[in-house]
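after the sequence you'll find the predicted model.
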Amino acid sequence: MNSTLFINTTRFIALLLLQVLVCNQLNFMGSLNPYVYVLFVLLYPIGSNRMGLIFLAFTLGLILDHFLDSGGAHAAAAVSMAYMRPAFLKFSFGAAYEYQAIKLNAAEALPRLTYFALLILIHHFILFTLVYFDSSKFKIIFYNTLINGGFTLLLVWLLNALFSSKKS
């Protein structure tokens, strides 16, 4: 089996299990819930098939929607995140992205943090907009986006640092 395929399959399953079995059971301070499954989209190989990523993001989100009974909100947010990913890679890494010369785990911390933070905030904003689906609840949507996004960013950053190798 191709090592990239093995790594991505393992990452998909591990993050899905971590999200369903651990993170979905956490509920700090009533509304703080991390969504670490976004790490799959963030770390998906840069030169790989974009439609494959969008399909996998949809599948991941749909499975989570099944467990969380969230009516497609996770699938929509994950697909949106996967679709917008190239624009945020280009914004965060500039010319290195255009030449496909980015190795995320070997990249400098600030561009990587910018990339992670922006995509996580976009994902969370779409997710909570769809969950609440009421313009009068914009403050709650914004609050949950910032609080949960910050917590997710922290956990994603720690998980990435814990399980990454500088070679990749």
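Happy to help now that I have it. Numbering: from 1, shown residues only.

what about Lys139, how many residues close to it?
8 (other CB atoms under 10 Å). Placement of C-beta: from N, CA and C, glycine included.

oh, that last question was meant for Val22, not what I typed.
Neighbour number of Val22 under other CB under 10 Å is 11.

wouldn't Ala107 be in contact with Phe93 here?
Yes: contact status for Ala107 versus Phe93: in contact at 6.8 Å, counting by CB atoms under 8 Å.

more neighbours: which of those two?
Phe93 (21 against 16).

how close does the more buried one sit to Tyr83?
18 Å (CB to CB, to the nearest Å).

can you check Leu154 too?
If you go by CB to CB, the gap between Leu154 and Tyr83 works out to 25 Å.

any weak-confidence spans in this protein?
For the chain, applying pLDDT under 70 flags the ranges 1, 95-101, 106, 165-168.

pull the longest helix from it.
When the chain is parsed with DSSP state H, its longest helix is helix 138-163.

elements contacting that one?
helix 38-43, helix 109-132 (3 or more CB pairs under 8 Å, 6 or more residues apart in numbering; DSSP states H and E).

quick one, what contacts the spatially most central residue of the chain?
Centroid check for the chain by CA atoms, centre = their mean gives Val38 as the closest residue, at 1.9 Å. Neighbour list for Val38: Ala78, Met81, Leu119, Ile120, His123, Thr152, Val156 [criterion: CB atoms under 8 Å, 6 or more residues apart in numbering].

adding distance to Leu56 and neighbour count, write these out as CSV.
Putting the contacts of Val38 into CSV (distance: CB to CB, whole Å; neighbours: other CB atoms under 10 Å) gives the following:
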residue, distance to Leu56, neighbour count
Ala78, 9, 29
Met81, 12, 25
Leu119, 15, 25
Ile120, 18, 25
His123, 15, 29
Thr152, 19, 25
Val156, 17, 23
